[in-house]
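Colleague: 3D, please:
(3 chains)
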Amino acid sequence: MIELAGVGKTFNPGRDNEFHAVREVSLSIEAGRVTALRGPSGSGKTTLLGLIGGLTRPSVGRVRLHGRDISALPERFLTALRRDTFGFVFQQFQLIRDLSVLDNVMLPAVPTGRAHADIHARALRLLDEVGLGQRAAARVQWLSGGEAQRAAIARALINDPSVILADEPTAHLDSALSRQILEILAELRRRGRTLVIASHDPLVFEMDLVERVVDLRDGRVLTVHGLSTVPMDKSACRP
Amino acid sequence: MLCIPNSPLAPLAGEGSFESRCRDLHGKVIFQPAALALLLASSLNALGLAAAGLFALRMLRHWNPDVGSEAQIALERRTHLVSTLVVLSLLLSLPMLALFTHTADAMAPFFAGAMCAVGSLKANAWGLPALAVMLAGFFLAAAWLVLHRLDTRGWDQPLLLAKYRLLLLLAPLALAQAALLWLYFGGLKAEVITSCCGSLFGPAATGALAELSALPETIARPLFFLTLALTLAAGTVFLVRGRLGRAFGMLAGLHFLVALAAIVAFIAPHIYEQPHHHCPFCLLQAEHGYAGWLLYPLLFLGTAAGVGAGLAAGVRAASLQAEAPRLAAALARIAVVALAAFGAAVTFYLWRSNLVM
Amino acid sequence: MNTWIERQRGLLDTTVANLRRRKARNLGLFMAYVLLVFLLASVVLFGDGMRREARLLLEVAPELVVQRLTAGRHDLMPAQWLERIAGLRGVAAVEGRLWGYHHDAAVGANLTLQVPKEAAPAAGRVHLGATLARLRGLAPGDVLSLRDHAGQPHAFVVEALLDSRSELVSADLVLLCEADFRAFFGIGAGLYTDAALRVVNPLETRTVAEKVLARLPATRVISREEMRRTYDAVFNWRQGLPLMVLSVLLAAFALLAWDKASGLSAEERREIGILKALGWDSGDVLAMKLWEGALLSVLAFLLGYTLAWLHVYYAGAPLFEPVLKGWSVLYPRFALAPEVDISRIVSLALLTVLPYVAATLVPVWRAATLDPDEVMRE
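Modeller: Have a look, this model is predicted:
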């Protein structure tokens, strides 16, 4: 469903601090599967995640979503598309302080112009699903790490996206809490959502969750291989 | 009885040096809060739109949506600033128009011979042009926003070039407006003997505006109502059947001109109940029930929305197949309501009037 | 349309939440904003009030005043001159007026002594301006003692106080009868201070003035229109001066607003980054920021304007009186009639809100167009 063709991203081009975060990556993400981007820090996992999710514009190459080139879309359309298609879970939770958990979860839906009551009801339901129903009115800085990450997942789901992109979702959590989060992600997978997880946490790969692993180093794809019993379609990978 | 206390009304004491100093102050109309506000507003507006105009030049030369280069991303970012500037400019132009005409009207007692806004505006050569440029700026900004709104709704931004070409027109207009206002307020001298509106709109006057006043009601009246009816009919057809959109836009523009002529030719005299008083500015005064403050906003709103609807209906881009007609319909609805209300208000004033011309 | 409204509502909700969260940070700027509106509005409202008073006063003034000049100085006018003016075509009525100044050492100010056209007090009695009465501690029935031109004390019985509504005009006024006036100043019969004219056709005032000058070259003719323009000009000028001074303040405020808006804290930057990553586009963030500015402006303007209104119309504008009223010792204490003038509100709004918008627009735009992937680059 998402295809990257010869995609590269260079930050600060032509300047002293020029930095090639991702180089010539061609990759395809299949619907309904769980793909993991694996590599040491600085290998370009996060930037690649951003490129896949339309958060980062490629310096070269093309990104296609459902066969449509999205790399040249005007910001407005790209953003709307991203909002409807992708839900992001960030490394540092990235919740907004002093707002309630509920307000945080509702934020991504504000620009859609959907009815306030609908958004409100959906946010409450999602918080229930991740086990935070009791904490809806709490300010986010009072949440524990595990709760904060669950709130972030609920927020990623508010616009009902088909793809969840998670950047190091377990980075700041102990094993027990990490498992809890991975369980929630697994549940999302069972409900038919596509997942892309950037991580170097071994726990992520131990669990029977990830179906395909993309190994990265220095912004390039080293290998792509299947992990689970689910058969892989080799033709989909073009390293 | 005129008493002459030593202070605070000292100027009346008429001590020579003091009086002459006061006479020097006659010209300082510029210190009026309204004048200062207008000068500030128009200067900032000109600054913003001039920057936008320069950006439009860059945009027309370098825009290339196919590359993700930093330069292209920087251009795209800047479009947000430019569109915000034009929105603010449009929001600004309405209070500015109102304030300018009101101030001209309120300043009339300053000038010997002035009875209403016309006298103040004619106190030097820049008043009437400033008003005309302000009006043009309002309509152009409105048109720009229609294009902009549509353009941002099409994934391939089909109206981008048209939009920025129009901006090249809008920017010099804003500069001209600011320059004219500075010239006007800076050059106002109260000693100037100006003329009252009768010299511009009246039997004794000459020139194009006088010709309008001389237009007999037997011609002007049917012409006005015919144009209004045609415009409203086209608008209704467009709303119901989705056809005649462009014709509606053009009719709305034509109706504007006819309506202005009609106000001078017969609507104003009926409101004043004086056959030879044709001035379109005296309508703004309290003794005529502020009729102008009802008629002009409706007319301007209806015209801007109507022309905008025609513009939107004329857009043929594939990526706007759904959006363009939707916006056109929304604008047409506003235009039809506003113009109908305008027509109703005119009818009411004519019906109430005891004047037989 | 509904989506539009819902979107704006959502943006507004977020804005309100943001303002509430950063109360402390916004408070300083808000206070400065309120202060600015308050000062500007006070100056404008006060000047307007004064101008209105002066206009009211002039409505009853004669169309033309003729004064005799001797060697370029104001001199007393002989009664024959009045007759010569009355003979001019276009003059409806001429009336010789008697008024003069008297320095009152007890108050330390100049009083205006005048003979009213009608309803003059009886001999030995005066009508007194309220301010003067207050300063001298006089009430009806008391005695006002003044030294005449020859240094002899004259005692007048205060018959009545003048209506305090016209106190601006009558602050230092002493009304007395003609005989008392002439005796007090030593002005012989047949001489007048100046002449007041009514003309037949107000549109011909200028022509009549020219005729007066032609017949009596050693005079100065002042028309009511001219006086009104002079008043307006003087008040405009007195109002413009503080406005000019305040424009420095305005610039300082714009600088402060710009600094506040462009000096985004790391926290705010991060928050905007989060919003953009979550699917807000630059337009959404920009709209939210503009809402923020609009809310701040509306609140500051309403508060500042209301305070200025109370300051001018109910507290007597203690801040600006010295500049705007003149430099009189006999300070009239009076209440300006409250009035709400929409065009003044629009002017003030433009003068105060525009600099704020102009100063914050570019910083706000910069913040709104931060890259959406910024949050991920930590």
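Colleague: tell me how far the host helix or strand of B:G292 is from the chain's mean position?
Modeller: In the assignment (DSSP states H and E), B:G292 maps to helix B:291-313. In terms of Cα atoms, centre = their mean, to the nearest Å, the centre of helix B:291-313 is found 10 Å from the chain centre.
Colleague: Could you export that helix as PDB, keeping only the C-alpha atoms?
Modeller: This file holds the C-alpha atoms of helix B:291-313, laid out as PDB (Å, rounded to 0.1, in the frame of the first residue of the first chain):
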ATOM      1  CA  ALA B 291     -29.700  55.200   4.600                       C
ATOM      2  CA  GLY B 292     -26.300  54.900   3.100                       C
ATOM      3  CA  TRP B 293     -25.000  52.700   5.900                       C
ATOM      4  CA  LEU B 294     -27.800  50.300   5.000                       C
ATOM      5  CA  LEU B 295     -27.700  50.500   1.200                       C
ATOM      6  CA  TYR B 296     -23.900  50.500   0.500                       C
ATOM      7  CA  PRO B 297     -22.800  47.500   2.700                       C
ATOM      8  CA  LEU B 298     -25.600  45.400   1.200                       C
ATOM      9  CA  LEU B 299     -24.700  46.500  -2.400                       C
ATOM     10  CA  PHE B 300     -20.900  45.900  -1.800                       C
ATOM     11  CA  LEU B 301     -21.400  42.500  -0.100                       C
ATOM     12  CA  GLY B 302     -23.900  41.400  -2.800                       C
ATOM     13  CA  THR B 303     -21.600  42.500  -5.600                       C
ATOM     14  CA  ALA B 304     -18.400  41.000  -4.200                       C
ATOM     15  CA  ALA B 305     -20.200  37.700  -3.500                       C
ATOM     16  CA  GLY B 306     -21.900  37.700  -6.900                       C
ATOM     17  CA  VAL B 307     -18.800  38.400  -8.900                       C
ATOM     18  CA  GLY B 308     -17.000  35.900  -6.700                       C
ATOM     19  CA  ALA B 309     -19.700  33.300  -7.500                       C
ATOM     20  CA  GLY B 310     -19.300  34.000 -11.200                       C
ATOM     21  CA  LEU B 311     -15.600  33.600 -10.900                       C
ATOM     22  CA  ALA B 312     -15.900  30.300  -9.100                       C
ATOM     23  CA  ALA B 313     -18.500  29.000 -11.500                       C
END
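Colleague: Report the buried residues of stretch C:23-35.
Modeller: C:N26, C:L29, C:F30, C:A32, C:Y33, C:V34 (16 or more other Cβ atoms under 10 Å in any protein chain shown). For the C-beta atoms, the positions are set from N, CA and C on the backbone; glycine is no exception.
Colleague: tell me which of those is nearest to chain B?
Modeller: C:Y33 (16.4 Å; Cβ to the nearest Cβ).
Colleague: Surely the closest one and C:L296 touch.
Modeller: Yes - contact criterion Cβ atoms under 8 Å: C:Y33 and C:L296 qualify, at 6.8 Å.
Colleague: Now for these two: what residues contact both?
Modeller: C:Y356 (Cβ atoms under 8 Å, 6 or more residues apart in numbering or on different chains).
Colleague: With adjacent residues omitted, what lies nearest to residue 55?
Modeller: No chain in the question, so chain A it is. In this structure, A:L55 finds its nearest non-sequential neighbour in C:D373, 4.5 Å apart by Cβ to Cβ, 6 or more residues apart in numbering or on different chains.
Colleague: look at chain C instead
Modeller: Using Cβ to Cβ, 6+ apart and skipping the chain neighbours, the partner closest in space to C:R55 is C:R228 (6.8 Å).
Colleague: With that, I have no additional questions.
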